[in-house]
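K.L.:
I'd like to go over a predicted model; first the sequence, then the structure.
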Amino acid sequence: MSMSDPDKNLPEEYLTIGKLATRLSLKPKTIKNKMASGIFRRGVHYFSPKGIGPRFKWSAVVAWLEEREREERKAAAGDEDGIPMARGYYLGSDRTSEKTSFPS
């Protein structure tokens, strides 16, 4: 009777772009686009150690996915003012409710 490795069933915590894309059923280019647009943020969602390229922290990606789901449910319920934007803010929320007058 052999003992199995207890870490064998745990997901990898740090993933390459390719492994993250596979896990999320996306193309690697989609991951790169999310990095470039600021949706995935360096130091939060991924880290780039010298010489090995970006590594995504799986727990941070899961937190991002779950937060997006909560925001979508709130928006569907009408709890938020404004339009949810990709970078996590709402267009047309409280700050933009004041009328701005322009000189003629």
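P.N.:
Received the coordinates, thanks.

K.L.:
what helix or strand does residue 22 sit in?
P.N.:
Assigned by DSSP states H and E, residue 22 belongs to helix 17-24.

K.L.:
What helices and strands are in contact with that helix?
P.N.:
helix 28-37, helix 58-77 (3 or more CB pairs under 8 Å, 6 or more residues apart in numbering; DSSP states H and E). Quick note: C-beta positions are derived from backbone N, CA and C, even for glycine.

K.L.:
could you redo those helices as JSON lines and give each row mean pLDDT?
P.N.:
What follows is the helices and strands packed on helix 17-24, written out as JSON lines (pLDDT from 0 to 100):
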{"stretch": "helix 28-37", "mean pLDDT": "96"}
{"stretch": "helix 58-77", "mean pLDDT": "83"}
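
K.L.:
Nearest to residue 86 among those would be which one?
P.N.:
helix 28-37 (6.5 Å; CB to CB).

K.L.:
what packs against the closest one?
P.N.:
Helix 28-37 sits against helix 17-24, with contacts defined as 3+ CB pairs under 8 Å, 6+ apart.

K.L.:
Fine by me, thanks again.
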